[in-house]
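Enquirer: Sequence first, predicted model second:
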Amino acid sequence: MTKFELVFITYPGMGHIVAMVEFAHHLINHDPRFSITILIITMPERMLVNTYIQSRAATSTSTNIRFVHLPTLETPTPDHSSQAPLCLVSSFIEKHKPHVKQAITNLMATELDRRFVGLFIDMFCTSMVDVANELDIPCYLYFPSPTTFLGFMLHLPILDTQLTTELAELDTELVIPSFVNPIPPSVLPSIALKKDGYSCFLYHARRYLETKGVIINTFSELEPYALNSLSTSQVPPIYPIGPLLDPVGPAQWQPDQAHHERIMKWLDDQPPSTVVFLCFGSIGSLSGSQVREIAFGLEQAGVRFLWALREPPKNQLALPNNFTNHEEVLPSGFLKRTAGIGLVCGFVSQVSILGHKAIGGFISHCGWNSILESLWHNVPIATWPIHAEQQLNAFELVKELGLAIEIRLDYREGSDLVLANEVERGIKSLMDCNNEVRTKVKEISMKSRMSMMENGSSYASTRALIQELVR
């Protein structure tokens, strides 16, 4: 039997690495002829990512997946640079090119019985297209964000020829082919509004077209319009193969297992669909004044809540930490007053919580993995974007798909505070049993599961990708 080797490399961010690892398992579950080597770029500042990788390497159920750590390079120092973090990390990734080439060359020398049929790169690892070309290996893009955002990126080079001003200075809505509605400048990614960030986006977007195909963690029933907009001869073949989720999330490698068990026990004691869950992702944190407004809004709403509250990081490239004492940031007496109905905690296994019967709504930063997890588990979202493309994701959910309640679409660092009465209003709307969003989420939840079954849309797309790889 012919055996096939694939090599994966990803941006060292939590959402990116989790999505890539799940993709690896997904491919091997479909076809055991594959072996997959995941090349790891280490950033000491991102201990959470490093802990995840160590755990997955130790507990992986597949012997066909291995993790190879590339040599550790000195990470950039954002405090002494005006560059956007994405540009710093993109440049940092590019410095790994010789090490990636050497790692793959070593693999080719030892795995003589395997055909090397693909290098899969992440959306911000496009400099590795050069390595694939040098080694004569087909290069594919694995895109962990929605199709709408891929459409935005692919449209950027065209937009760049039309713009007479910088994106940050635009005062008119943009027409992007992957969106039904015109896009207000207020929901464009913060990175794209900065000159160096825009250039970085433009560089990556142009290189997407050099790949042999684009694999997206989505499904055709969720984003039919956006997927159809990309079916042009200029764009490489598109394979929507999602939703790919880590079914237990970080519960399996939670450093504080007692903390996780305490949260799950608390949820066990709550009535079904009564708890609103607030979580802003692996890189999400809010200012002290915003935290206090949320607290007041929760009290005014009077609902049961679980709140994953984390402290802002020390620098741009680091991840948030858990607070040592929540009382330092919350209003005086808040924890006592809400002790009967609420629980404030630190880092959590988000997907485990979304799958719990007690959860009835999710106030989310609108990272794409979080959206897919929430839809899979039939939990409606209220939008509170913070970073990256999350504003566009929130816009898609609310304005394009009608699958979320709007708290804000354009929140970002430095935004006006979301006041307590807005928080209260958003929570009450989210937890309303009769709202139309809840009905739509239930429908798409069923479709998300069907897409992964035999003869489902994503199942068929995965089979088509495999046929392309092994032909």
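Expert: Okay, I see it. The structure displayed is predicted, hence computed values, not measured ones. Residues are numbered from 1 along each chain as shown.
Enquirer: Which parts of the stretch 51-200 of the chain are helices?
Expert: 85-94, 97-110, 129-135, 147-162, 195-208 (DSSP state H, counting those that start in this stretch).
Enquirer: so can I have JSON lines of these showing mean neighbour count, mean pLDDT and distance to residue 348?
Expert: The C-beta positions use only the backbone N, C-alpha and C, and glycine is treated the same way. As requested, the helices of the stretch 51-200 of the chain are exported to JSON lines (neighbours: other CB atoms under 10 Å; pLDDT from 0 to 100; distance: least, CB to CB, whole Å):
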{"stretch": "helix 85-94", "mean neighbour count": "19", "mean pLDDT": "88", "distance to residue 348": "24"}
{"stretch": "helix 97-110", "mean neighbour count": "15", "mean pLDDT": "96", "distance to residue 348": "34"}
{"stretch": "helix 129-135", "mean neighbour count": "18", "mean pLDDT": "98", "distance to residue 348": "37"}
{"stretch": "helix 147-162", "mean neighbour count": "20", "mean pLDDT": "95", "distance to residue 348": "26"}
{"stretch": "helix 195-208", "mean neighbour count": "18", "mean pLDDT": "94", "distance to residue 348": "30"}
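Enquirer: Format those helices as a markdown table; extra columns: distance to residue 344.
Expert: Formatted as a markdown table, the helices of the stretch 51-200 of the chain follow (distance: least, CB to CB, whole Å):
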| stretch | distance to residue 344 |
| --- | --- |
| helix 85-94 | 28 |
| helix 97-110 | 42 |
| helix 129-135 | 45 |
| helix 147-162 | 32 |
| helix 195-208 | 34 |
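Enquirer: Of all those helices, which one is nearest residue 187?
Expert: helix 147-162 (10.4 Å; CB to CB).
Enquirer: who does that closest one touch, helix- and strand-wise?
Expert: When contacts are defined as 3 or more CB pairs under 8 Å, 6 or more residues apart in numbering; DSSP states H and E, helix 147-162 sits against helix 195-208, strand 214-216, helix 224-229, helix 390-395.
Enquirer: Identify all contacting residues around stretch 118-130.
Expert: If you take CB atoms under 8 Å, 6 or more residues apart in numbering as the criterion, stretch 118-130 is touched by 6-11, 16, 20, 23, 86, 89-90, 93-94, 97, 100, 104, 131-132, 135, 137-145, 153, 203-204, 207-208, 210-212, 215, 469.
Enquirer: Can you say which of the helices of the stretch 51-200 of the chain is nearest to residue 1?
Expert: Here helix 97-110 is closest among the helices of the stretch 51-200 of the chain (CB to CB), at 19.1 Å.
Enquirer: The closest one to helix 85-94, inter-axis angle?
Expert: 40 degrees (axes from the mean of the first three to the mean of the last three CA atoms, to 10 degrees).
Enquirer: And residue 328, what's its pLDDT?
Expert: Model confidence at residue 328, expressed as pLDDT, equals 82.
Enquirer: Torsion angles phi and psi at it?
Expert: phi -70, psi -30 (degrees, to the nearest 10).
Enquirer: State the distance from it to residue 299.
Expert: 18 Å (CB to CB, to the nearest Å).
Enquirer: cool, and residue 292?
Expert: 11 Å.
Enquirer: before we move on, what about residue 288?
Expert: Taking CB to CB, one finds residue 288 at 17 Å from residue 299.
Enquirer: And residue 225, by the same measure?
Expert: Applying CB to CB to residue 225 and residue 299 gives a distance of 40 Å.
Enquirer: In terms of neighbours, single out the busier of those two.
Expert: Each of residue 225 and residue 299 has its neighbours counted (other CB atoms under 10 Å); residue 299 has more, 19 against 15.
Enquirer: Just the buried positions in stretch 161-175, please.
Expert: Judged by neighbour count (16 or more other CB atoms under 10 Å), stretch 161-175 contains these buried residues: 167, 170, 174.
Enquirer: Also stretch 355-366?
Expert: 355-356, 358-366.
Enquirer: Check the offset of that stretch from the chain's centre.
Expert: 16 Å (CA atoms, centre = their mean, to the nearest Å).
Enquirer: No further queries at this time; thank you.
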